[in-house]
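Peer 1: turn this into a model:
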Amino acid sequence: MEQEVKLININELVLWTENPRDPINEQALDQDIVNKALEDKLGKWTLRKLAKEMGDYYDFSELPTVVYHDKKPVVYDGNRRIILGKIKHGLVSVPEGTEIQLPYFPQKVPCNVCTKKIALDNVYRKHSGIGSWLPLERDIFLHKFMGKEKSPFLILEEDTGIISSNPHMNQRFVKDEIFRDDVMKSIGFSIVNGKLHSRHSDEEGYSILSDISRQVGEKNVTTRKNRGKILKVLSSLSQQLIEKNKNQKPKPSGLSFGESNNAIKNKRLSKRTVPPKIELFGGKLYLRAGDVSNLYRDIVDLYQFYVKEKDKLSKAFPNLIRMSLRLLCETASKSKQMKIENYLGKNFDNAKAPLDKDIKTTLANHNITRESITQLLHTGAHAYASSGNIEQTISLSIIVGAIITVTHGASE
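Peer 2: A predicted model of the protein is given here:
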């Protein structure tokens, strides 16, 4: 028997933890998956929309695909429909006040019971080409379940976490036209024996990849604009780094965009934190009276409000502090009649030199360098998810405070 239609009681059906739509820990229970689907942070489950589309009753012509793991019937395809059925029959709980227009759902559901190979083939055929999977999910599925080699896109994600940390990068044109072998080599990166190699230092590589992320996020390169011209749209700093290092020998890269890539590696790295007792801007600044000083004081007040009320504020609130740091730097650079990137680049090293060892380590841990600082401030101004990282924001504020003290200090 390779395929057989079989009636299975819905309370016996087990949701698939490795669903490419939004995988979860293999030990997760049905309730854990339902909680994740209802939260739907990435907008991939849309249970309410599905329930509305189903109408008044469950359609028997849409069979869930089921594979028996020992004696457990696991749902490989049709998890969203089975979730609605489990909610309907009270087999899982939902938060109080949750409103879903549930259709009539039978206690026993006809299922296509088949081998794992057929199930995986069916899942791939039904979902890989219709837009329900993004490129990264498709590549993970092909490697993990279909035995295909890892794509450069997947290797880049595994080794750096850049795609999961910057969801706007999870696009087909980014995979096919930016992070393909020849283009990556042109900007100083390559895949060697399944690992990311770079001609740049980790700090320089982080700066360049952050710049690419910014250009994609700001739509300076799309399928219709500057297509195939990523090198052209990169900042002058990135282009200078690429040119400077073009003859360097590629070596294994150690750069990282955070812990999100660990979901694929199934490893956990130590969380990068700001050492205790480090304040915003590294402490009180003494600046000359004027716009820069006034704005600095306003940012300190904004941060104090955040510290006091953060339990009541949204997780996105730190973005406001991050954006204000860029405004502060723009204000300072204009007073010196300089572009912001030139202002930051010119004063970074002098500002960093007197900082103590712990602070310098903090900056390094958050990849804050002379080359990356401008991109990090630009990223914050556009409210990307990484901008909500309050620890990196505090770290940025320290070097920003040191720079404006160099140029606008009360003794200057």
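Peer 1: what helices and strands are in contact with the helix or strand hosting residue 329?
Peer 2: Residue 329 belongs to helix 318-335 when assigned by DSSP states H and E. The contact analysis (3 or more Cβ pairs under 8 Å, 6 or more residues apart in numbering; DSSP states H and E) places helix 318-335 against helix 291-309, helix 340-352, helix 373-381, helix 390-408. (Each C-beta comes from the backbone N, C-alpha and C, glycine too.)
Peer 1: who are the packing partners of the last one?
Peer 2: This means helix 390-408. In this structure, helix 390-408 makes packing contacts with helix 291-309, helix 318-335, helix 340-352, helix 357-365, helix 373-381, judged by 3+ Cβ pairs under 8 Å, 6+ apart.
Peer 1: could you rerun that using 7 Å?
Peer 2: Counting contacts by 3 or more Cβ pairs under 7 Å, 6 or more residues apart in numbering; DSSP states H and E, helix 390-408 packs against helix 291-309, helix 318-335, helix 340-352, helix 357-365.
Peer 1: then that helix to PDB, C-alphas only?
Peer 2: Taking Å, rounded to 0.1, in the frame of the first residue of the first chain, the C-alpha atoms of helix 390-408 are listed here in PDB:
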ATOM      1  CA  ILE A 390      17.800  47.700  22.500                       C
ATOM      2  CA  GLU A 391      21.300  46.300  23.400                       C
ATOM      3  CA  GLN A 392      22.700  47.200  20.000                       C
ATOM      4  CA  THR A 393      21.000  50.600  20.200                       C
ATOM      5  CA  ILE A 394      22.700  51.400  23.500                       C
ATOM      6  CA  SER A 395      26.000  50.200  22.100                       C
ATOM      7  CA  LEU A 396      25.500  52.500  19.100                       C
ATOM      8  CA  SER A 397      24.600  55.400  21.400                       C
ATOM      9  CA  ILE A 398      28.000  55.000  23.200                       C
ATOM     10  CA  ILE A 399      30.100  55.600  20.100                       C
ATOM     11  CA  VAL A 400      27.700  58.300  18.800                       C
ATOM     12  CA  GLY A 401      28.100  60.000  22.200                       C
ATOM     13  CA  ALA A 402      31.800  59.800  21.900                       C
ATOM     14  CA  ILE A 403      31.800  61.200  18.400                       C
ATOM     15  CA  ILE A 404      29.600  64.200  19.200                       C
ATOM     16  CA  THR A 405      31.800  64.800  22.300                       C
ATOM     17  CA  VAL A 406      34.800  65.000  20.000                       C
ATOM     18  CA  THR A 407      33.000  67.500  17.600                       C
ATOM     19  CA  HIS A 408      30.600  69.300  20.000                       C
END
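Peer 1: could you find the residue nearest the spatial middle of this protein?
Peer 2: The residue lying closest to the centre of the chain (Cα atoms, centre = their mean) is residue 165, at 1.9 Å.
Peer 1: torsion angles phi and psi at that one?
Peer 2: Per-residue torsions, residue 165: phi -80, psi -20 (degrees, to the nearest 10).
Peer 1: residue 28 versus residue 249, what's the distance?
Peer 2: 44 Å (Cβ to Cβ, to the nearest Å).
Peer 1: neighbour count: these two, which is higher?
Peer 2: Using other Cβ atoms under 10 Å, the more surrounded residue of residue 249 and residue 28 is residue 28, with 14 against 7.
Peer 1: which one of the helices and strands packed on helix 390-408 lies closest to residue 156?
Peer 2: helix 357-365 (21.3 Å; Cβ to Cβ).
Peer 1: quick revisit: export the helix holding residue 329 as CSV, just CAs?
Peer 2: C-alpha atoms of helix 318-335 as CSV (Å, rounded to 0.1, in the frame of the first residue of the first chain):
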residue,chain,number,x,y,z
PRO,A,318,13.3,51.1,20.8
ASN,A,319,13.1,51.9,17.1
LEU,A,320,12.3,55.4,18.1
ILE,A,321,15.4,55.7,20.1
ARG,A,322,17.5,54.1,17.2
MET,A,323,16.0,56.6,14.7
SER,A,324,16.7,59.5,17.0
LEU,A,325,20.4,58.5,17.1
ARG,A,326,20.6,59.0,13.3
LEU,A,327,18.8,62.4,13.6
LEU,A,328,21.4,63.4,16.2
CYS,A,329,24.2,62.4,13.9
GLU,A,330,22.6,64.2,10.9
THR,A,331,22.2,67.4,13.0
ALA,A,332,25.9,67.2,14.1
SER,A,333,27.1,66.5,10.6
LYS,A,334,25.2,69.4,9.1
SER,A,335,26.6,71.8,11.6
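Peer 1: about what we covered before: can you tell me which of the helices and strands packed on helix 318-335 the model trusts least?
Peer 2: Ranked by mean pLDDT, the helices and strands packed on helix 318-335 end with helix 373-381 at the bottom, a mean of 74.
Peer 1: what's the weakest-modelled helix or strand in this protein?
Peer 2: Of all helical and strand segments in the chain, the minimum by mean pLDDT, DSSP states H and E falls on helix 262-265, at a mean of 40.
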